[in-house]
Structures are given as C-alpha cells and as structure tokens.
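*Asks:* Sequence first, then the predicted structure, then my questions.
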Amino acid sequence: MCSTPEILNTIIKSHLCTGCAACAAVCPNESITMQPDHEGFLYPQINETTCNGCEICSETCPVNQRISDDVQNEESNHEGPIGVFASWHLDEDIRRESSSGGVFTALAEAVIARDGVVAGSAFDDNLVARHILIEASTDLDILRGSKYVQSEVSPAIYHRISEFLNHGRPVFFTGTPCQTAGLRNFLNKPYDNLLCCDMVCHGVPSLKVFSSYKIMLEQKYGAETGRIVFRRKDCGWKRYSVFLSFDNNTEYRRVFRTDPFMQAFLKNICLRPSCYACKFRSITRPSDLTLGDFWGVGKKYQEYDLDDKGTSLILVNTKKGQSLLDACRTSLFLGLADIETAVAGNLFLVQSCMRPPQRDTFYHDLGALSFETMVKKYRLYQPSFLRKVVRVLKSCVKNVFS
C-alpha cells in the first residue's frame with residue numbers, strides 16, 4: 001500500500017488536485033499546508049516528518065475518493081436534477097448588483113433568517129479571493145458577484161462550518177463543485193442543516209495572473225486598486241463590463257471581450273491544470289442546488305430573457321434544495337425549464353474546457369514578462385473590425401490560389 005504522501009503526490013503530479021484544501025483541514029497532525037506553486041495555484045505540501053501515514057487525507061480527497069452516497073445526501077438523484085428553473089430576484093436593485101439574476105441573495109437570506117450562516121467567496125482588502133462566513137443579511141453584498149479567480153478555502157473555515165453544524169445552526173455553503181465535494185468529504189457524514197450550492201464553473205485562474213493584470217492597470221492609472229467588479233451590467237447582462245476603481249478617483253471599465261484578463265480566461269490559457277480534466281462535470285452534482293447564468297435561455301424560452309438584466313439557471317438536485325428554493329418563492333421569479341436547454345447554454349456543466357497549446361508557455365512567460373507584453377504575445381484583446389476584415393480577405397485570397 002502506498003503511503004499517504006505518495007498517494008497525494010500522485011494526484012498533484014498528475015495535475016488533478018483542485019486545491020480544495022480538504023486534506024489540510026482533515027489532517028489530525030496538521031502535517032499538510034497549502035502552498036502556491038510557480039503558477040500561483042495552491043497545492044498541499046506534506047511534512048513527512050510529522051505525517052503518521054494514517055491515510056485520512058487520501059480518504060478525504062474528493063479527486064481520490066468521490067463522495068459516497070451516505071455522505072453526499074440520501075435524497076440525491078443520480079440521474080440528474082429533479083428540477084430546472086430560469087429565475088431572477090424580484091428586487092431590481094439586487095438583480096442589478098448581481099452577476100446574473102440575484103438568486104444567491106434570496107437563498108442566503110432565507111438561511112440567515114433561520115439563524116443560519118453563509119459561506120462564500122469575497123475579496124479581502126488586498127483583493128485576494130477567500131471564503132468567509134457571513135451571519136447578517138447586510139453583509140451579503142461582499143459575497144455577490146463573480147470573482148474569476150480561485151478562492152482560498154482555509155482549513156479554519158472547514159472547522160468553523162463543522163462547529164456551526166454540530167451546534168445545530170444551518171449552514172449555506174457556496175463554491176465550485178470541487179470545493180463542495182471537499183467540504184462534504186471533510187465532514188464525512190450527512191447533516192440535515194447543511195445546504196450546499198455549487199456553480200456552473202468554467203475553470204479558475206490563479207491569483208498570480210490576476211495580480212499581474214492588476215499591477216499593469218495600477219501602473220497605467222498611477223494608483224492602487226480600491227475595488228473590482230467583474231460583472232457590471234452597464235451594457236447589459238450579455239455584454240457585461242469589468243470595472244476597477246483606483247485610489248486617485250479614476251476608473252477602468254471595459255466590456256468583457258475587450259478586457260485582457262477576461263480574454264485570457266475565455267481563451268482557457270490561464271486555468272488551473274485540473275480544470276482541463278475536471279472530475280465534477282456532470283448533471284449529477286455534489287450539491288443541493290446549482291446556480292449559473294442561463295445563457296441561451298431565450299432561444300427556447302423567450303419570455304425568460306426580455307430585458308437583458310440577468311437570468312439565473314437553477315438546478316434543483318435534492319429535495320432539501322427544493323425546500324430551500326420553496327422558501328424563496330416570494331422573492332424570486334421562477335420559470336420552469338429543461339435540462340437540455342440548460343446544458344446547451346452551459347456546456348461546462350458536463351464537459352471540461354479544452355487546454356490550448358498556449359497554456360504550456362503562458363505561466364512561464366508570466367514570470368518573465370510584464371502583463372502588458374503578455375497581452376501582445378497572447379493576443380489578449382478583441383481584434384478591431386478592420387483587422388477582422390483583413391483576416392477574412394487574406395483567408396479568401398489564400399483559398400483562391402491554393
């Protein structure tokens with residue numbers, strides 16, 4: 001039998017580790033810490049001097065050990081969701097301030113109303129994405145919105161969630177599917193008062209690439225970043241903009257297709273290695289609910305996309321998830337939809353993104369080049385109309401004489 005370090009090291013070296021930190025949280029000797037690699041992604045590092053080979057970490061790792069039926073949920077439907085909805089918050093202000101339809105806020109408020117706790121990702125003062133715990137509805141605004149960078153879930157968060165659950169308080173955990181799976185395996189038993197919600201995940205960039213991008217803009221604007229919003233709806237839900245404000249009262253705003261960081265994200269060249277072979281892409285989810293943007297909903301359900309203000313996709317995966325959603329019916333518009341339309345607009349529900357050839361050199365270059373140089377080398381910009389015309393004409397001429 002392999003020792004524990006060998007098992008985890010195999011997962012790390014095969015680039016399947018998701019960085020969920022469940023192994024670090026469960027280690028009884030605190031022999032595992034999460035450390036960034038040269039790309040800026042967190043991976044477990046094992047102190048083999050203090051490790052006693054108990055193998056609890058390998059049993060907890062969601063990549064090595066998928067969630068067992070009794071740990072996940074006795075109500076889970078292994079054939080896919082029991083309900084599919086298009087939805088948005090009826091409060092226009094909340095909907096406007098949310099990335100898609102504002103459903104998260106309604107769900108979180110319902111849990112807090114039961115003396116519950118909400119765990120989600122927020123930017124700290126240094127604009128590092130970390131999972132935190134919220135106990136008041138007035139604090140939910142810092143959890144709203146997409147982060148587009150991997151959020152750190154510290155071992156301390158896992159333990160605090162366990163404490164809240166064992167004291168009978170409801171906990172609403174939101175995160176990527178791999179983070180949700182990590183939490184469930186860490187807890188190692190079902191809890192009636194635990195509600196998990198994962199997201200339709202494209203993949204996660206590292207803090208290193210985000211920091212390089214931020215430094216480029218801070219040098220250009222001559223001030224430090226005060227705030228960032230990745231999904232402003234000034235130009236609508238479908239053409240959302242990236243917004244940064246700086247300490248000298250200047251602002252940066254670009255439609256997502258013209259922002260270099262979003263271009264790197266959408267071209268898949270800055271994602272975590274495990275995202276290219278994700279083990280959690282399936283309509284069978286590790287959570288009670290799944291949320292995402294309901295892209296393409298208007299192709300079949302025109303009535304669900306009339307105002308371009310944001311429409312959320314909700315997959316109801318368990319009866320417990322349905323019960324929470326039912327508690328929010330006075331706050332949400334809910335329109336019945338189907339899983340085929342949901343998958344058609346959100347292929348990352350069921351398949352991993354392709355790893356482009358440029359991914360092999362991107363992070364190596366990031367350590368040697370400025371981000372401004374990276375923008376030019378990897379063409380992290382939207383070609384102008386003239387460039388597009390020239391490209392088409394060149395292609396036509398080539399075809400004529402080939």
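*Replies:* Cool, the structure landed.
*Asks:* mind listing the strands in this structure by residue range?
*Replies:* 32-36, 42-46, 83-89, 117-123, 129-134, 171-175, 194-199, 225-232, 241-246, 251-255, 289-293, 312-316, 332-336 (DSSP state E).
*Asks:* Any chance of these in CSV with mean pLDDT as columns?
*Replies:* Compiled in CSV, the strands of the chain are given as follows (pLDDT from 0 to 100):
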stretch, mean pLDDT
strand 32-36, 95
strand 42-46, 93
strand 83-89, 98
strand 117-123, 97
strand 129-134, 97
strand 171-175, 98
strand 194-199, 97
strand 225-232, 94
strand 241-246, 95
strand 251-255, 95
strand 289-293, 97
strand 312-316, 98
strand 332-336, 98
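*Asks:* Could you pull up the contacting residues of residue 97?
*Replies:* Contacts for residue 97 (CB atoms under 8 Å, 6 or more residues apart in numbering) come out as 141, 144, 145. Every residue, glycine included, has its C-beta placed from N, CA and C.
*Asks:* Stretch 275-285 spans what distance, first to last residue?
*Replies:* Using CA to CA, to the nearest Å, one end of stretch 275-285 lies 16 Å from the other.
*Asks:* Same check on stretch 125-132?
*Replies:* 13 Å.
*Asks:* list the buried ones in it?
*Replies:* Along stretch 125-132, these residues count as buried under the neighbour rule (16 or more other CB atoms under 10 Å): 127, 129, 131, 132.
*Asks:* out of the contacts of residue 97, who has the most neighbours?
*Replies:* The most crowded member of the contacts of residue 97, judged by other CB atoms under 10 Å, is residue 145 (20 neighbours).
*Asks:* now it, nearest residue through space, not along the chain?
*Replies:* residue 99 (5.2 Å; CB to CB, 6 or more residues apart in numbering).
*Asks:* What score does that neighbour have for pLDDT?
*Replies:* Note on residue 99: pLDDT of 94.
*Asks:* mind listing what residue 335 touches?
*Replies:* 85, 86, 87, 301, 303, 304.
*Asks:* Top of the residues you listed by number of neighbours, please.
*Replies:* Using other CB under 10 Å as the neighbour test, the contacts of residue 335 are led by residue 87, with 26 neighbours.
*Asks:* quick revisit: now, which of the buried residues of stretch 125-132 sits nearest residue 201?
*Replies:* Among the buried residues of stretch 125-132, residue 129 lies closest to residue 201 (CB to CB), at 13.7 Å.
*Asks:* what bridges to the closest one?
*Replies:* residue 123 (DSSP bridges).
*Asks:* Now do the nearest residue to residue 212 once chain neighbours are set aside against residue 149, distance only.
*Replies:* Leaving out its chain neighbours, the residue that sits closest to residue 212 by CB to CB, 6+ apart is residue 371, at 4.3 Å. Residue 371 sits 14 Å away from residue 149, going by CB to CB, to the nearest Å.
*Asks:* picking up where we left off before, possible to save the strands of the chain as CSV with distance to residue 185?
*Replies:* What follows is those, written out as CSV (distance: least, CB to CB, whole Å):
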stretch, distance to residue 185
strand 32-36, 14
strand 42-46, 14
strand 83-89, 26
strand 117-123, 16
strand 129-134, 16
strand 171-175, 13
strand 194-199, 12
strand 225-232, 29
strand 241-246, 34
strand 251-255, 39
strand 289-293, 18
strand 312-316, 21
strand 332-336, 31
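*Asks:* Tell me which of these approaches residue 11 most closely.
*Replies:* strand 42-46 (9.0 Å).
*Asks:* Which stretches in the stretch 101-250 of the chain count as helices?
*Replies:* Along the stretch 101-250 of the chain, the segments classed as helices by DSSP state H, counting those that start in this stretch run 103-112, 155-166, 177-187, 207-221.
*Asks:* and the closest residue in space to residue 252 that isn't next to it in sequence, what does it touch?
*Replies:* Leaving aside its chain neighbours, residue 252 sits nearest to residue 244 (4.4 Å; criterion: CB to CB, 6+ apart). Residues counted as contacts of residue 244 (CB under 8 Å, 6+ apart) are 214, 217, 225, 227, 228, 229, 251, 252, 253.
*Asks:* Among these, which one lies nearest to residue 235?
*Replies:* Closest to residue 235, out of all of the contacts of residue 244 and judged by CB to CB, is residue 253, at 9.3 Å.
*Asks:* what about residue 192, how many neighbours?
*Replies:* Residues near residue 192, counting by other CB under 10 Å: 11.
*Asks:* And for it, nearest residue in space, chain neighbours not counted?
*Replies:* Per CB to CB, 6+ apart, closest to residue 192 is residue 320, 7.6 Å.
*Asks:* Surely the one you found and residue 197 touch.
*Replies:* No. Counting by CB atoms under 8 Å, residue 320 does not reach residue 197; the two are 11.0 Å apart.
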